[in-house]
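A.B. asks: Compute the structure for the input listed below.
(chains A and B)
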Amino acid sequence: MIEVSNLHRWFGSVHAVRGVDFTIPQGQIVGLLGPNGAGKTTTLRLLTGILRPQSGSIRIAGTDALARPTASRRAIGYLPESAPSYPEMSVRGFLRYRSKILPISPRDRIMSIEKVLGLCRLSDVARRRIGQLSKGYRQRVALAASLLHDPPVLILDEPTNGLDPTQVRDARSLIADLARNRTVIVSSHILPEIERTCGRLIIIGAGRVLADGTPEELRRTRTSNACIVQCRAEPDRVLPIITRLGYKAEVEPIESGWFRLRVRGSDPAEARARIGAALTEASIAIRELRDEVVGLEELFVSVLESAEVPEP
Amino acid sequence: MRSTLAIATRELASMFRLPVGWVVIALFLVLTGAVFVFGALVPGQPATLRPVFGTTTLLMVFVAPAVSMRLLSEEARLGTLELLSSSPVTSWQIVLGKYLGAMAFLLLMLAPTLLQAGVLMLASDPRPDLGPILAGYLSLILVGGLCLALGTLASTLTESQTLAFLGTLLTLVCWLLLTNVAPQHVGPKFGAILARASFSARIDDFARGAIDSRNIVFFLSISIGLLVASATALELRRWR
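C.D. replies: Numbers count the residues shown, from 1 in each chain, chains lettered A, B, ... in the order given. Below is the predicted model:
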């Protein structure tokens, strides 16, 4: 549905996008992650045709976006980061205007407008001027405008910007619903948000794809080589046992008598087995013994740190 | 065409939703009304709207930049240019839609001045010739169209409405000076070339009631050229 190959974009001497490649099939929600200035928004602008790449190829819903830009844009619904709209227009007026620009037949316009008003819970404010609405509502107005023509490809740049927690939850479930028969790219810097919404992550840094896969796949490639032990014994009793086994550990008190150990070793599974056996033999109570789970934040930082990031 | 008309209609409606549109119209009508009362409606003088057309043409140099300054600058400032640029419309459709919206505003602004022609018809004996009046209106539309096309180009080049206004105004004033004042100071050969680029001299032809197709082609070709340049400038933003 979206095929991007060897995409390059310079801004003067700055090489902002450096050979980005990915393919996203229909029905997949992909999270585009990256620090500020990584090239996320530039990549999205290249996909939507706002910017043209200096080299590479883009296919949107089977159409060559560089050879037939207007045709490929018919398949895209785009929510820009700033969720722009016209403050002097009413919500319904803005949607009516957008419906005349987007590929919607005149007889379907009213139905499309009513549908997105309901979908984005805007029916109550349909007659209000956009300039009088809160940031959250304006965000939903822009999202509604991107859905008007029922596009097969949805590109959302920071869609939960300015939303309160309830609205974020609603937006998340709306995006999940929308992805059933669409291809969706969501760019965000709110990592838990992305983790909950997206089945696949593409991490971009310095204009390159640094990692691409499901959160689980990425975690597997980025194991921390550490296991977590919670036991009831003083550190000066536990640490010699761990050291004798050939591991290094960091100790942290949790509550009365209980300590949390982070034990590092080359094989966490073997480390777990050996530590479990040794502590049991020493009659030390254990209440947790597991591999350390890499959170998305750690994963993100680890991907960025391990990549050789060239100067722009 | 549907998208172009949608853009034009929104542009026109937005000018009436904001105070700036009403202020521009009010100022324009007060000034042209004053010129009509004190310059054209004078007892004992031949019945003509020539003084009104002369002043209105000069007024157009100030009014048109005020109308055109927000066309694309405002879209860029609001971020809505991103919406338009990612929509299935071409840069040419965007520019043409914006320009047509501004032209429609200009026509609506000129429409009340038809009352002046009506009053002159009723108050004068003998009645004024209809030819110079129609030619005068045609010239105002052509000059207005040219000034708006220049303003459209300026507003594609900057996000600042002030810069777009000043850029258009400055260019028009320089154009007037170069083609009306400079020819007397640069020698006959070069002066003649400059004078041919004068639009105020061509307006005089219209005011006399002479509709010369060369004058129409002059205004239309420059306006179209400026609109093509605007569409090109907008398209080039995708490559910047």
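A.B. asks: can you point me to the longest helix in chain B?
C.D. replies: When chain B is parsed with DSSP state H, its longest helix is helix B:130-157.
A.B. asks: For that one, list every residue counted as buried.
C.D. replies: B:132-133, B:135-137, B:139-157 (16 or more other Cβ atoms under 10 Å in any protein chain shown). Placement of C-beta: from N, CA and C, glycine included.
A.B. asks: Ok, stretch B:19-27 next?
C.D. replies: By 16+ other Cβ under 10 Å, the buried positions in stretch B:19-27 come out as B:Gly21, B:Val24, B:Ile25.
A.B. asks: Provide the contact partners of it at residue level.
C.D. replies: Residues outside stretch B:19-27 that contact it (Cβ atoms under 8 Å, 6 or more residues apart in numbering or on different chains) are B:Met15, B:Phe16, B:Val63, B:Ala66, B:Val67, B:Arg70, B:Phe105, B:Leu108, B:Met109.
A.B. asks: I'd like the residues you listed as CSV, with distance to chain A appended.
C.D. replies: Shown next, in CSV, are the contacts of stretch B:19-27 (distance: Cβ to the nearest Cβ, whole Å):
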residue, distance to chain A
B:Met15, 10
B:Phe16, 10
B:Val63, 21
B:Ala66, 17
B:Val67, 16
B:Arg70, 11
B:Phe105, 15
B:Leu108, 18
B:Met109, 19
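A.B. asks: Would you list the buried entries among the residues you listed?
C.D. replies: The buried subset of the contacts of stretch B:19-27 - by 16+ other Cβ under 10 Å - is B:Met15, B:Val63, B:Ala66, B:Val67, B:Arg70, B:Phe105, B:Met109.
A.B. asks: Among these, list the two that are farthest apart in space.
C.D. replies: Based on Cβ to Cβ, the longest span within these runs between B:Arg70 and B:Met109 and measures 15.3 Å.
A.B. asks: which residues does the residue of the stretch 151-300 of chain A found nearest chain B contact?
C.D. replies: Relative to chain B, the nearest point of the stretch 151-300 of chain A is A:Ile155 (8.3 Å; Cβ to the nearest Cβ). Counting by Cβ under 8 Å, 6+ apart, A:Ile155 touches A:Leu44, A:Leu47, A:Thr48, A:Ile76, A:Gly77, A:Tyr78, A:Leu79, A:Val184, A:Ile185.
A.B. asks: overlap between the residues you listed and the residues near chain B?
C.D. replies: Restricting the contacts of A:Ile155 to those near chain B by Cβ under 8 Å from any Cβ of the partner chain leaves A:Thr48, A:Ile76, A:Tyr78.
A.B. asks: Which among the residues you listed count as buried?
C.D. replies: Buried among the ones next to chain B among the contacts of A:Ile155 by 16+ other Cβ under 10 Å: A:Thr48, A:Ile76, A:Tyr78.
A.B. asks: Look up how far A:Gly162 lies from the last one.
C.D. replies: Counting by Cβ to Cβ, to the nearest Å, the gap from A:Tyr78 to A:Gly162 is 18 Å.
A.B. asks: ok, now B:Arg10?
C.D. replies: 25 Å.
A.B. asks: Compare neighbour counts for the two and give me the winner.
C.D. replies: B:Arg10 (23 against 15; other Cβ atoms under 10 Å in any protein chain shown).
A.B. asks: Wondering if the longest helix of chain B reaches chain A at all.
C.D. replies: No: Helix B:130-157 stays clear of chain A (Cβ under 8 Å from any Cβ), getting no nearer than 14.9 Å.
A.B. asks: what mean pLDDT would you report for that helix?
C.D. replies: Averaged over helix B:130-157, pLDDT sits at 92.
A.B. asks: for stretch A:259-269, same thing?
C.D. replies: On average, stretch A:259-269 scores 83.
A.B. asks: Tell me, how many residues neighbour residue 44?
C.D. replies: Because you didn't say which chain, this covers chain A. The number of residues packed near A:Leu44 is 24, by other Cβ under 10 Å.
A.B. asks: let's do chain B instead
C.D. replies: Residues lying near B:Gly44 (other Cβ under 10 Å) number 4.
A.B. asks: Please apply the same query to the one 3 residues further on.
C.D. replies: For B:Ala47, the number of neighbouring residues by other Cβ under 10 Å comes to 17.
A.B. asks: ok, it touching B:Leu122?
C.D. replies: No: counting by Cβ atoms under 8 Å, B:Ala47 sits too far from B:Leu122 to count as a contact (10.3 Å).
A.B. asks: Excluding chain neighbours, give the residue nearest to B:Gly167 in space.
C.D. replies: Of all residues not flanking B:Gly167 in the chain, B:Ala154 sits nearest, at 4.3 Å (Cβ to Cβ, 6 or more residues apart in numbering or on different chains).
A.B. asks: Return the residues in contact with that neighbour.
C.D. replies: By Cβ under 8 Å, 6+ apart, the residues touching B:Ala154 are B:Pro65, B:Ser68, B:Met69, B:Leu163, B:Ala164, B:Phe165, B:Gly167, B:Thr168, B:Thr171.
A.B. asks: need the residues you listed in a markdown table with secondary structure, can you?
C.D. replies: Compiled in a markdown table, the contacts of B:Ala154 are given as follows (DSSP: H, G, I helix; E, B strand; the rest coil):
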| residue | secondary structure |
| --- | --- |
| B:Pro65 | helix |
| B:Ser68 | helix |
| B:Met69 | coil |
| B:Leu163 | helix |
| B:Ala164 | helix |
| B:Phe165 | helix |
| B:Gly167 | helix |
| B:Thr168 | helix |
| B:Thr171 | helix |
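A.B. asks: Tell me the residues on the stretch 51-200 of chain A that lie near chain B, please.
C.D. replies: Taking Cβ under 8 Å from any Cβ as the contact definition, the stretch 51-200 of chain A meets chain B at A:51-52, A:70-71, A:73-74, A:76, A:78, A:80, A:82, A:84-89, A:97-98, A:100-103, A:145.
A.B. asks: again, only this time at 7 Å
C.D. replies: Applying Cβ under 7 Å from any Cβ of the partner chain, we find that the stretch 51-200 of chain A lies next to chain B at A:51-52, A:70, A:73-74, A:76, A:78, A:80, A:82, A:84-86, A:88, A:97, A:100-103.
A.B. asks: hang on, the earlier thing: which two from the contacts of stretch B:19-27 end up farthest apart in space?
C.D. replies: The most widely separated members of the contacts of stretch B:19-27, counting by Cβ to Cβ, are B:Arg70 and B:Leu108 (16.5 Å).
A.B. asks: Now do the lowest-mean-pLDDT helix or strand in chain A: everything it contacts.
C.D. replies: Every helix and strand in chain A was compared by mean pLDDT, DSSP states H and E; the lowest is helix A:296-306, with a mean of 75. With contacts defined as Cβ atoms under 7 Å, 6 or more residues apart in numbering or on different chains, helix A:296-306 is touched by A:33, A:35, A:191-192, A:195, A:203, A:205, A:210-211, A:215, A:218-219, A:222.
A.B. asks: at 10 Å instead, please
C.D. replies: For helix A:296-306, the surrounding residues in contact (Cβ atoms under 10 Å, 6 or more residues apart in numbering or on different chains) are A:31, A:33-35, A:38, A:189, A:191-196, A:201, A:203-206, A:210-211, A:215, A:218-219, A:221-222, A:224, A:292, A:294-295.
A.B. asks: quick one: which helix or strand includes A:Asn161?
C.D. replies: According to DSSP states H and E, A:Asn161 maps onto no helix or strand at all.
A.B. asks: let me fix that: A:Ile155
C.D. replies: Judged by DSSP H and E, A:Ile155 forms part of strand A:153-157.
A.B. asks: Report the buried residues of whichever helix or strand comes after that strand.
C.D. replies: Per DSSP H and E, the first helix or strand lying C-terminal to strand A:153-157 is helix A:165-178. Buried positions in helix A:165-178, judged by neighbour count with 16+ other Cβ under 10 Å: A:Gln167, A:Val168, A:Asp170, A:Ala171, A:Arg172, A:Leu174, A:Ile175, A:Leu178.
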